[in-house]
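A.B. asks: let's see this in three dimensions:
(chains A and B)
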Protein chains: 2
Amino acid sequence: MLNDLKKLFTASELLNGNFGVEREGLRVDKQGNLSLKPHPKQFGEKMKNPYITTDFSESQLELITPIFNKTDKLYNFLSVLYDIVALELEGEYIWPQSMPCIIPSDNKIPIARFDKTPTGEEAKKYRENLLKKYGPKKQLISGIHYNFSFSEEMTKRLYEDEDNDLDYKTFKDNLYLKVARNYLRYRWLLIYLLGGTGLIHESYAKECVKKLKEVTNNVFSNDGALSYRNSECGYTNNTDLFADYNSTKGYVESLKSFINDKIIESHKEFYSSIRLKAKDNNNFFESLINDGIDYLEYRSIDINPFDKAGISLDDLNFLQIFNLFLLVADESSYDKWQEEALENQKLIARYGHNDIMLKKDGKEISKEIWALDILEDIKNINKKLNLGKEEILFKMIEKIRDYKCTYSYKIIEKVKSEGYIDAHLNLAENYKKDAYNKRFKLEGYEDLELSTQLLIKESIKRGIKVEISDRSENFIKLKKGNRVEHVKQATKTSKDNYVTVLIMENKVVTKKILDDNCLNVPKGYEFNSFNDAVLNCTNFSNKPIVIKPKSTNFGIGISIFPDGVEKSDLIKAIEIAFKYDNTVLVEEFIKGKEYRFLVINDKVVGILHRVPANVIGDGVKSIKELVEIKNQSSLRGKGYKTPLEKINLDENAELFLKQNNLNFDYIPNKGEIVYLRENSNISTGGDSIDYTDIIPKRFKTVAIEATKAVGAKICGVDMMIEDYQDENSSYGIIELNFNPAIHIHSYPYKGIERNIAKEILNLLEFI
Amino acid sequence: MLNDLKKLFTASELLNGNFGVEREGLRVDKQGNLSLKPHPKQFGEKMKNPYITTDFSESQLELITPIFNKTDKLYNFLSVLYDIVALELEGEYIWPQSMPCIIPSDNKIPIARFDKTPTGEEAKKYRENLLKKYGPKKQLISGIHYNFSFSEEMTKRLYEDEDNDLDYKTFKDNLYLKVARNYLRYRWLLIYLLGGTGLIHESYAKECVKKLKEVTNNVFSNDGALSYRNSECGYTNNTDLFADYNSTKGYVESLKSFINDKIIESHKEFYSSIRLKAKDNNNFFESLINDGIDYLEYRSIDINPFDKAGISLDDLNFLQIFNLFLLVADESSYDKWQEEALENQKLIARYGHNDIMLKKDGKEISKEIWALDILEDIKNINKKLNLGKEEILFKMIEKIRDYKCTYSYKIIEKVKSEGYIDAHLNLAENYKKDAYNKRFKLEGYEDLELSTQLLIKESIKRGIKVEISDRSENFIKLKKGNRVEHVKQATKTSKDNYVTVLIMENKVVTKKILDDNCLNVPKGYEFNSFNDAVLNCTNFSNKPIVIKPKSTNFGIGISIFPDGVEKSDLIKAIEIAFKYDNTVLVEEFIKGKEYRFLVINDKVVGILHRVPANVIGDGVKSIKELVEIKNQSSLRGKGYKTPLEKINLDENAELFLKQNNLNFDYIPNKGEIVYLRENSNISTGGDSIDYTDIIPKRFKTVAIEATKAVGAKICGVDMMIEDYQDENSSYGIIELNFNPAIHIHSYPYKGIERNIAKEILNLLEFI
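C.D. replies: Predicted coordinates for the structure are as follows:
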């Protein structure tokens, strides 16, 4: 088999596959008690959110990733899901540990609530039955469920290569059945390497706690314990159940017999450490027989307390090669293999940190020797197939050689020093802080525009399925139920009609229409030739004017003369403007400050004003030091990856200060504002300041009317207002923008952070 | 006054003004009989079409221009209106003469029909009263009504310059009243210069005909007659009416007294050769008093049979300077000036070709001397104000010196040789031919794209008001009643939403969506780097493929290999594609021919196929000669001003023929098709062939489904079909276009001309 793989595939083809994770996690309050609050309504109806839902308990979050073909994408998404959820939990954390936090008495543990729909009632009834049978405490154990299949391309090519009489489905089934059997055989190693549940809080099930000794305050264990979740005290059936893994038919029949014998109620209650999964899990038995095995679900993996995602990227990468090992490894004919494997699992779970002997085909073998044997095989696979996982394998070998390198040991040590609750709460708090610092972006999607990252983030939160249609173009597809919307660059949507956008793109037409609607726009003239412009502009020379190319943006080619201009400079400005467009506008300059009004669906959802890069003195620190401190904000970065840019103390800043007889070492007085350049662009370290609640209603009405005049649903209205505090102040609409950025309002330097993504999703009728 | 004008204004300011024309014209059949058919329904409800309506009779068209500030624009629009109307008249012409065609007995002359609305009933009743009073025949006389005012800028500056106690309104009124009085005094000259109604057909009013002698078959005149329309036999009140032109108040009072005396029914029945016009002509008297004179209407101008527009551009230009003359010319204090002026008019109208004596301030003066005096004054004005109208004035002087140069003389001569009916029908037929030859464009708007010209043309026809918002961008505003639509480049409308357009713009996203909707698209791969593309494309080398940049259009950077490609050429093609985009698509090549399906509002309104430039032999002519003949089609031009381009026998064509051992002198056999180049672009002389009724329904359904899949309302679907005659043939959708040209379907080389503009206006709900 290994030779076949070598022959047929490149390394990258072998590492391609379908990977998904379900990660459970309890909501806890700041004291480490199980939350009794309902599942946050921000996540919508829990049965309709494909990413964020609950498991057994109302307080037991379940985070579900889509299927990814690469592990790094999977890992990113899992981290992102964590961030999204963590930030919505007010005064709560996600408990970063498979074994529960402080849990109340059985009758106070809340079962997940559902709508009074038939499926909702069914879900509720199922949980009530589990509650009766297993008690609520064991149901609170959380874990990682790892779903995987090889790429279809890979199984197909293997099939085509092999000379056999089987049909493709049976061939593929046999392949996965082998992996499943080997998974059962070797799962003990996975539990050793990834396990992290060697402690039990005293509030957990009495019958477990009482057999153990107190390690530190209120927390119990036994010598060498590694994963109670995978022990008898974990989440297991009341009887050891051995299904038939020789064929899908055998598997189905064995599960059916467990049900017939009333040991379990349905296939969902089969708490095996691996499950065969069907294409249609609602008609599980039929689908498994007819369509074959769709993927495998590994259920032995504990939550890694040391990783926000609950499982590290290294471990996900290790699982990739482990899967190939399971595919390749020869099987013995030893008949009691399932019982033996379960015994090995239990031994590792309870005494894994000790030097113990396991059983291999009925014969004793030292844990360490066997583990190193297996890892040696895996190393060979890695080498032969060029998979490039040497470093990860070294780490795994290290864990075998020294149990102190395991997560399970490390968390015990941490608990010993900080206490069970605090140790885990401290981790959770750090993860939440990290989420907050990254709140303006979507990890793993940094190549997308910030606005698009925010829209995706909000979509995920609300359970809207996101598909990236064209990454480089920031083109995404959103889907919930039957509702599908395509969105480009966050604010280009189906809600705006094409000609509305074309109007906004055209300054002349925009002005005509605004003027027709009795809205103030700077008076102006349009010229198609340099000579025309020069001939007709001489009488402007003593008026405040702006000269700009008709269609460019971002201030390119624009000259502003607030106090009039000499003829020679005027001509120069016209010359510059004509470099960027065949048509040049000469416009009245309106006094005041510029504000960006963001109008969505006839509502002003944000108003922003920008000021040039600056520092405010404290009477002690120099400009240089103040800039350094200001630059530390997580909102400031480099290259548009953050809502604000770091202030750069460059030559321009030096020159600007010099004009005011200042330099970088100047120590501003307390409260003194020192500007570091003229322009207020965010790209040169400018600040964005939220004015949404400050600007008088009148100007908001103007912005809405302007938006309606061109028929827009999403519009950035740039308005000059002479004195924003006076609602009778004169104003002028400078420009309407059909693709306004949303991140600037979502994460301003100063003022309230506005959830604009939500407004867009509301506009798109994702309710 | 002249000095004031010189001081205050440039020539171009003086020649600016507000100019509009109403032009009447009878519909006649091919024998010259008054049409008894109803007003064509293509023009919509006649009371709601601001451009095309009827006057007294159902068969009397009235073409109305908007107000223009330049005479050339006015002239163009008038010509265009003529073309639009002429082409819609099946088997009919517009009679190019003020005096009527062959008219039936009084009771058979159809009065204009109106809807049974209050305004409709009023219009009908008004006409019935006129019929009783004047008989129907005189009402059929048609003419030019010339509306004009100086630019507001001009009257304002004159007012500001003058040191007077008057308010602006009175000042302006006085100014126009002077022009009106002088118009009355000097109108005889205008009648002489522009008149063209020296003949009356025998079917016209008996009482007129019987006094005259037969000039040629059935047509009557008297010696020296010039303008019967301006004579007693013309369209005059039953009594000579002299209104007060000293003030608006006096004018209003005199009109009211005529009404009181039951001489006329309303101000609209005051058939003076000039009218003062108010801002609100529905509340005429009030508005004239309160708002002042808005503009003047000159009513003495006969239709010029020799100009399609009914008035020549020269004459419109002459009127501009004539208006200034009327403003400048001193007035005498002679009190019987109105009676004298009427007498002069009648003399000129009846005997203008003879050497006659007119009266000036009660004294006799020869027509020629006075005319030359006036024209000398006008020449001085022209010179002093630099108006540049010398040549026009020379022509006018020539007409005075030699009456044979007048329109009136020329049309009499033409009638003498061809007969009254045929002479005019021949002119009308030529005008209609000219309209047909220009049917694909809008004269005077050739700077716009053909598609936009067609949309404007159709809008005018249907009475939708058109405003050009941005000429260089082909941005127009359409308005009818309360309905307003902005349209860019004819097919960018409010009916398509923005994201739909962005989807179509993005080949990758388009393909994904079409594929999701089970529509055939060429399978393909997207590459973001040259190396990636080269690495992954080697296994394509024996398949038919297309390599193209992701976002460019017009075939730029695209390489097609229908029979596979060698690796080196493949690499070259990838290199080329990457020059135009950062992303390159490598796609399966679909066999067959490409068809453009134009889908509007879920309907296929046109299907087009293009073939390379070619000629079809007749066994006699050489390729060179055949091309020359083919190039004569009015549809072929140069530089995209026409639906097709002229074939250019250039080096490429020579080379292409050489490869087939042919040259330009080769004489193809009868029916032999010789292609002159490989590519089928229209820009290199290719032919467009309409397949709309030929392509099986199945492919139309596919095109509609593709359009629906992306949510488009206007879409050009480019489809490859292996065999269009076989509805089971394989197909592939190559591209969706959001800005499809409409002129190619409207005016194909071969096949039915499709009125696509109509479909767009229907989509835009202009019903």
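A.B. asks: and the gap between the residue nearest to A:N614 when sequence neighbours are not counted and B:Y235?
C.D. replies: Take A:N614 and drop its neighbours on the chain: the residue closest to it by C-beta to C-beta, 6 or more residues apart in numbering or on different chains is A:Y675, 4.7 Å away. From N, CA and C alone the C-beta is placed, and that goes for glycine too. From A:Y675 over to B:Y235 the distance is 77 Å, taken as C-beta to C-beta, to the nearest Å.
A.B. asks: so what's the residue count around A:S254?
C.D. replies: Burial of A:S254 is recorded as 17 neighbouring residues (other C-beta atoms under 10 Å in any protein chain shown).
A.B. asks: typo on my end, it should be A:Q725
C.D. replies: Residues within reach of A:Q725, counting by other C-beta under 10 Å, total 9.
A.B. asks: give me every residue that touches it.
C.D. replies: By C-beta atoms under 8 Å, 6 or more residues apart in numbering or on different chains, the contact list for A:Q725 reads A:P696.
A.B. asks: state the helix or strand in which it lies.
C.D. replies: Using DSSP states H and E, A:Q725 is not contained in any helix or strand.
A.B. asks: how about the residue nearest to A:N614, phi and psi?
C.D. replies: Dihedral pair for A:Y675: phi -80, psi 150, per degrees, to the nearest 10.
A.B. asks: ok, the one 3 residues further on next?
C.D. replies: A:E678 adopts backbone torsions of phi -80, psi -50, taken as degrees, to the nearest 10.
A.B. asks: close to chain B: what parts of the stretch 551-700 of chain A are there?
C.D. replies: Counting by C-beta under 8 Å from any C-beta of the partner chain, the positions of the stretch 551-700 of chain A adjacent to chain B are A:582-583.
A.B. asks: point me to the residue of the stretch 551-700 of chain A nearest chain B.
C.D. replies: Residue nearest to chain B within the stretch 551-700 of chain A: A:T583 (6.5 Å; C-beta to the nearest C-beta).
A.B. asks: residues near the residue nearest to that residue when sequence neighbours are not counted, how many?
C.D. replies: The spatially closest residue to A:T583, leaving aside those adjacent along the chain, is A:K550, at 4.0 Å (C-beta to C-beta, 6+ apart). By other C-beta under 10 Å, the residues close to A:K550 number 22.
A.B. asks: could you export stretch A:497-506 as CSV, CA atoms only?
C.D. replies: Output of stretch A:497-506 as CSV, limited to C-alpha atoms (Å, rounded to 0.1, in the frame of the first residue of the first chain):
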residue,chain,number,x,y,z
ASN,A,497,-29.2,48.9,-8.7
TYR,A,498,-26.6,49.3,-11.4
VAL,A,499,-27.4,52.8,-12.6
THR,A,500,-27.5,54.1,-9.1
VAL,A,501,-23.8,53.1,-8.8
LEU,A,502,-23.0,54.6,-12.2
ILE,A,503,-24.6,57.8,-11.0
MET,A,504,-22.5,57.9,-7.9
GLU,A,505,-19.4,57.1,-9.9
ASN,A,506,-20.1,60.2,-12.0
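A.B. asks: show me what that stretch is in contact with.
C.D. replies: Contact partners of stretch A:497-506, identified using C-beta under 8 Å, 6+ apart, comprise A:492, A:509-510, A:513, A:550-551, A:710-712, A:715, A:736-738, B:469-470, B:473, B:475, B:485-488, B:492-498, B:500-501, B:738.
A.B. asks: let's see that with 6 Å instead.
C.D. replies: Stretch A:497-506 is contacted from outside by A:509-510, A:710-712, A:736, A:738, B:470, B:486, B:488, B:492-494, B:496-498, B:501, using C-beta atoms under 6 Å, 6 or more residues apart in numbering or on different chains.
A.B. asks: can you list which of these are found in helices?
C.D. replies: Those of those mapping onto helices are A:509-510, B:498, B:501, per DSSP state H.
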